[in-house]
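Colleague: Need a 3D model of the following:
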Amino acid sequence: MREIQDTWAKRAKSEGYRSRAAYKLIDINKKFKLIEQSKLIIELGSAPGGWSQVIGKKKQKGSKCVAIDILAMEHVANIEFTQCDIFSNDFEELTSSYVGNVDLILSDMSVNLSGIKLVDDESNKELNLKCLDVAKRLLSDKGALLIKAFNNNTFKSVRSEFESYFETVYVEKPPASKTSSAEVYLLGLIPK
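Modeller: Next comes the predicted model:
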């Protein structure tokens, strides 16, 4: 099992990706063509930049991607990065001109784990719902939201929130995700 995960990490290193997470987005995007169909993309929690690298390579010429993270991130070609906390007023100001115009919001964020399952599950649920709130504020009427979630005791309620807002919801488990992990990706397409 560990060997399989090391294979993804080695592949990322040899292909110049900053993290094996890049392959998770590549896999999901291959299925849904999210990046290629989007003129304005917001990536939440972009550091270290694996997903940004994929977006930068796949987005259409003339499309824009704004990557945001509370941590610093080294420059990625074709990506505009801003260091900012998504829970801050700065984030609200930064994104105020994008209201109703964003085609795709992506998030591979997870909270820093405390080791206390109940606390970690609730914290990640709060982060998932924050991403959904951002989507409700910023997405266009044909927009999409893709987030990392966890198949745990809070998942059903997060999925239910997605289903009440989006016309179609998918749950994806890309091959690069650890099989032992509860990590899944929730994709909501077209706000109702």
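Colleague: what about the nearest residue to residue 175 once chain neighbours are set aside, how many neighbours?
Modeller: Once flanking residues are discounted, residue 175 sits nearest to residue 27: 6.3 Å by C-beta to C-beta, 6 or more residues apart in numbering. All C-beta atoms are positioned from the backbone trio N, CA, C, and that covers glycine. Around residue 27 there are 16 other residues, counting by other C-beta atoms under 10 Å.
Colleague: How about residue 16?
Modeller: Residues lying near residue 16 (other C-beta under 10 Å) number 8.
Colleague: Name all residues that make contact with it.
Modeller: Taking C-beta atoms under 8 Å, 6 or more residues apart in numbering as the contact definition, residue 16 lies against residue 53.
Colleague: confidence score at it?
Modeller: pLDDT for residue 16: 80.
Colleague: Could you list the low-pLDDT ranges of this structure?
Modeller: The chain contains residues with pLDDT under 70 at 1-5.
Colleague: Longest helix of it, counting residues only.
Modeller: helix 117-138 (DSSP state H).
Colleague: wait, what's in contact with the residue nearest to residue 175?
Modeller: Going by C-beta under 8 Å, 6+ apart, residue 27 touches 172, 174-176.
Colleague: re the thing from before, just checking the distance from the longest helix of the chain to the centre of its chain.
Modeller: Distance, stretch centre to chain centre, for helix 117-138: 12 Å (C-alpha atoms, centre = their mean, to the nearest Å).
Colleague: Would you mind pulling the contact partners of that helix?
Modeller: Taking C-beta under 8 Å, 6+ apart as the rule, helix 117-138 contacts 42, 44, 86-87, 95, 98-102, 105, 107, 109-111, 113-114, 143, 145, 147, 149-150, 152-154, 157-158, 161-162, 165, 186, 188, 191.
Colleague: are any of the residues you listed buried, and which?
Modeller: Using 16 or more other C-beta atoms under 10 Å as the burial test, these include 42, 44, 86, 95, 98, 102, 105, 107, 109-110, 143, 145, 147, 149-150, 152, 154, 158, 161-162, 165, 186, 188, 191 as buried.
Colleague: Much appreciated, bye for now.
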